[in-house]
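Engineer: With the input below, show me the fold.
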Amino acid sequence: MKSTRIVLASWVFAAALAVPLFVHQRATRAAPSAPAAPAVAQAGNCKTFGEKGKCCSPDVTMHLAKEAVYAACGESEATFLGEAAEKDTCKYYFKVAGEKSEDTFVQVYTQAVKEVPDKPTDPFLSYKKVGKVWMTDKSKSPKVAAMAASSTGLYLPGRGYFVSVVATTKVCTKNEAITLSKSMK
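Structural biologist: Here you go, the predicted model:
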């Protein structure tokens with residue numbers, strides 16, 4: 001049972017890391033069109049991103065606040081485009097010159113689980129420990145190499161939960177991601 005949960009958790013983490021690659025591949029295959037500004041709206045106490053953007057749950061943002069991203073990755077309210085929430089996930093989007101806004105984000109994912117793996121067991125990526133957090137080191141597969149180069153994955157085990165962060169290197173460099181890892185809770 002424990003090994004099943006570990007495998008499931010690693011697949012969830014791998015899937016979260018694969019999102020930037022999938023989004024990038026879909027965007028490059030699409031027919032070129034005029035760049036459209038993302039829809040940004042104020043909803044409650046947050047700035048949302050996209051037409052279907054929702055405010056992120058405090059249950060997720062308590063593990064990594066956008067202010068921590070500002071401090072670690074050199075971002076600010078001026079470059080912050082908004083946030084978008086899904087179940088157990090929050091994505092912070094930022095404006096980066098010459099880049100599509102959909103590809104410039106820091107994603108926080110957290111999930112409650114009974115048995116938390118001490119470290120990620122991803123069959124496609126190797127990890128190294130940086131303080132209390134595990135950070136993607138390199139890919140084990142050429143197919144995953146582009147994804148590993150374009151984003152940094154962070155994994156923090158907790159008591160009854162784990163936190164996974166995917167930061168695109170356009171927003172947060174590998175060295176900035178190390179600084180960011182110190183803010184994960």
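Engineer: Would you map the helices across this protein?
Structural biologist: For the chain, the helices defined by DSSP state H cover 2-29, 58-61, 66-73, 142-150, 174-181.
Engineer: list the helices and strands the last one packs on?
Structural biologist: With contacts taken as 3 or more C-beta pairs under 8 Å, 6 or more residues apart in numbering; DSSP states H and E, helix 174-181 sits against helix 66-73, strand 133-139, strand 151-157, strand 161-168. The C-beta positions use only the backbone N, C-alpha and C, and glycine is treated the same way.
Engineer: Adjacent strands (with direction) for the third one?
Structural biologist: Applying DSSP bridges, strand 151-157 is found paired with strand 133-139 (antiparallel), strand 161-168 (antiparallel).
Engineer: Check the gap between the residue nearest to residue 132 when sequence neighbours are not counted and residue 58 for me.
Structural biologist: Nearest residue to residue 132 in three dimensions, chain neighbours excluded: residue 156, at 6.6 Å (C-beta to C-beta, 6 or more residues apart in numbering). Here the criterion is C-beta to C-beta, to the nearest Å. By it, residue 156 lies 18 Å from residue 58.
Engineer: now do residue 47
Structural biologist: Relative to residue 58, residue 47 is positioned 16 Å away (C-beta to C-beta).
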